[in-house]
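Undergrad: any chance you can model this:
(chains A, B, C and D)
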Protein chains: 2
Amino acid sequence: MGLSYAEENYLKAILKLSGSPDGTVSTNAIAAQLDTSAASVTDMLKKLSDKELITYQRYKGASLTDDGQRIATTLVRKHRLWEVFLVQSLGMTWDEVHEIAEELEHIQSDRLIDRLDHFLGHPKFDPHGDPIPNAQGKYTLRAQIPLSELKPGQEGIVIGVREDETSFLKHLNEKGLTLGKSIKVITNDDYDNTLSLQVEGHELNLSGKVARNIMIKTT
Amino acid sequence: MGLSYAEENYLKAILKLSGSPDGTVSTNAIAAQLDTSAASVTDMLKKLSDKELITYQRYKGASLTDDGQRIATTLVRKHRLWEVFLVQSLGMTWDEVHEIAEELEHIQSDRLIDRLDHFLGHPKFDPHGDPIPNAQGKYTLRAQIPLSELKPGQEGIVIGVREDETSFLKHLNEKGLTLGKSIKVITNDDYDNTLSLQVEGHELNLSGKVARNIMIKTT
DNA sequence: AGCTCAATTTAGAGTAATCTAAAAAATATT
DNA sequence: AATATTTTTTAGATTACTCTAAATTGAGCT
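TA: A predicted model of the protein is given here:
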């Protein structure tokens, strides 16, 4: 019936990586995502294929079946709802909740998630600005572009980040660049790949690498 | 560093069973508590002993060291805080929260538990009436006696149950005997071991077995 | 088409937790 | 005290997940 934590994590990784054309994901991509060996991935892909949660052919990569997609999306829903709870109810900061939510998402109880969703007021986005799938797996998309694509003079609001890594989120927090902050781009140098912007009066410099991972809703 | 779920569950079982004189618990008692084989218990006792979380001698049973006691008490604290959250915040019923809390108690984050405790207003008792240890492992005892010990005419309030089993809690819910209800004993027949009482106008009959597991604060 | 190299799979092995069956130790009974 | 019974441990195996190293397959290049 229930899946193991490992199985669930593989499904989530495949969902995350299957933005590509036909949704097919390579063995190595999964190994990199989960920081495990390619051999382990191959073993697990066989198992998930037997359970009909993915379609898999040797040497050809894997993609989620409808069942697999449903389960993976539910995990994302759980993860993001828990993140909202941790930030909104418990007052934790957005850079410390990811790892805890990574554990909480595996708790087994549909009813628990329904009640939590209700308690939180059916939020549509998590603290990183990512959409929360509803119980049917549908979610709202939001118009957002990477900070790196803004031209000098453009303004907007920080609505999310792409990276989940704690170190990255911590870095942003230290710079004062948190969710909801209004920003205005001063310079965006395509050449040396740096960007300067104004946040609450201060001026801030970011590398192109960092700027590409910060999502903005333009105003 | 961190312990596995299995290791944590063994420590909790040993704490639960070590009400006895010197706090020593037998292999078979643990096996029964965790519904596992005695052989598995022996294996695990060796491992926990190596980690200095219990003292253990072959054929002589086990008892918690200070470290083991601290960890086990923290687990109880986490379990009971989560139960309060599930009932108080999410509106779940006391008969459905135990199993979910059984999973939630393993989530690793001291800060999370501190925040949760704060969010809930530092509750002293869980929905079953059991005391919640504080961060230092200390907890308040409450004067409570089993319903089975009340004499006819005595009155009181339901403040807890001894059994954790879902089926038992469900049974009580159906009879309308939930936490906080005022009761008055009408008859308590030592001979055939049954008891009748008044709850909100209704009259209710309980077996001695059930009555022994319902805790009352007399008024 | 044949070769090269990267990606992937297979082979073989290790760890954690569990089981059943058999052996050993402790406890109870006569 | 000797024997019978119960409890506990050991032995040997199984499942899930993981690893490294070696073999295989596929894809790109000439």
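Undergrad: for chain A, which segments count as helices?
TA: Ranges of helices within chain A are A:5-17, A:27-34, A:38-50, A:66-84, A:97-104, A:110-119, A:166-175, A:208-211, based on DSSP state H.
Undergrad: which of these comes out lowest on mean pLDDT?
TA: In terms of average pLDDT, helix A:166-175 trails the rest of those, at a mean of 82.
Undergrad: for that helix, buried residues please.
TA: Neighbour counts over helix A:166-175 (16 or more other Cβ atoms under 10 Å in any protein chain shown) mark A:168-169, A:172 as buried. Yep, even glycine has a C-beta here, placed from its N, CA and C like the rest.
Undergrad: show me how chain A divides into domains.
TA: Using automatic domain parsing, the domain parsing of chain A gives A:5-64, A:76-135, A:145-218.
Undergrad: of these, which approaches residue B:104 most closely?
TA: Among those, domain A:76-135 comes nearest to residue B:104, with 6.2 Å by Cβ to Cβ.
Undergrad: most tightly packed of the domains of chain A?
TA: Comparing the domains of chain A by mean neighbour count (mean count of other Cβ atoms under 10 Å in any protein chain shown), domain A:76-135 comes out on top with a mean of 19.
Undergrad: does any bit of that one sit next to DNA strand D?
TA: No - using Cβ under 7 Å from any atom of the strand, domain A:76-135 never reaches DNA strand D; the gap is at least 11.6 Å.
Undergrad: who's in contact with residue A:189?
TA: Counting by Cβ atoms under 8 Å, 6 or more residues apart in numbering or on different chains, residue A:189 makes contact with residue A:195.
Undergrad: if we can go back for a sec, and the domains of chain A as JSON lines, adding distance to residue B:213?
TA: Below are these laid out as JSON lines (distance: least, Cβ to Cβ, whole Å):
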{"stretch": "domain A:5-64", "distance to residue B:213": "34"}
{"stretch": "domain A:76-135", "distance to residue B:213": "25"}
{"stretch": "domain A:145-218", "distance to residue B:213": "45"}
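Undergrad: now residue A:93. Nearest residue, chain neighbours left out?
TA: Spatially, and ignoring its direct neighbours in sequence, residue A:93 is nearest to residue A:173 (6.4 Å; Cβ to Cβ, 6 or more residues apart in numbering or on different chains).
Undergrad: same thing with residue A:25?
TA: Closest to residue A:25 by Cβ to Cβ, 6+ apart is residue A:17, at 4.5 Å.
Undergrad: contacts only, for that neighbour.
TA: So residue A:17 contacts A:25, A:29-30, A:33 (Cβ under 8 Å, 6+ apart).
Undergrad: which single one of those residues is nearest to residue B:201?
TA: Distances from residue B:201 to the contacts of residue A:17, taken by Cβ to Cβ, are shortest for residue A:33, at 61.5 Å.
Undergrad: I'd guessed the closest one sits against residue A:12; true?
TA: No - with contact defined as Cβ atoms under 8 Å, residue A:33 and residue A:12 do not form a contacting pair (9.1 Å).
Undergrad: show me what from chain A comes close to DNA strand D.
TA: A:4, A:6-7, A:36-37, A:39-40, A:43-44, A:47, A:58-59.
Undergrad: closest to residue A:216 among these?
TA: Among the residues of chain A next to DNA strand D, and counting by Cβ to Cβ, the member closest to residue A:216 is residue A:36, at 33.7 Å.
Undergrad: which residue packs closest to residue A:216, ignoring adjacent ones?
TA: residue A:156 (3.9 Å).
Undergrad: with DNA strand C as the reference, measure out to that neighbour.
TA: As judged by Cβ to the nearest atom of the strand, to the nearest Å, residue A:156 and DNA strand C stand 37 Å apart.
Undergrad: identify the residues contacting that residue.
TA: Counted by Cβ under 8 Å, 6+ apart, residue A:156 has contacts A:147, A:150, A:182-183, A:216-219.
Undergrad: which of those residues sits closest to residue A:193?
TA: In terms of Cβ to Cβ, no member of those lies closer to residue A:193 than residue A:147, at 12.6 Å.
Undergrad: just checking, the closest one touches residue A:204?
TA: No - under the criterion of Cβ under 8 Å, residue A:147 is not in contact with residue A:204, lying 10.7 Å apart.
Undergrad: before we move on, the earlier item: tell me which of the helices of chain A lies nearest to residue B:70.
TA: So among these, helix A:97-104 is nearest, using Cβ to Cβ, at 21.2 Å.
Undergrad: now tell me what touches that closest one from outside.
TA: Outside helix A:97-104, the residues touching it (Cβ under 8 Å, 6+ apart) are A:78-80, A:82-83, A:86-87, A:92, A:127, A:164-166, A:169, B:104, B:106-109, B:112.
Undergrad: how about stretch A:29-37?
TA: By Cβ under 8 Å, 6+ apart, the list of residues contacting stretch A:29-37 reads A:9-10, A:13-14, A:16-17, A:38, A:40-41, A:45, A:62.
Undergrad: could you rerun that using 10 Å?
TA: A:6, A:9-10, A:12-14, A:16-18, A:20, A:25-27, A:38-45, A:61-62 (Cβ atoms under 10 Å, 6 or more residues apart in numbering or on different chains).
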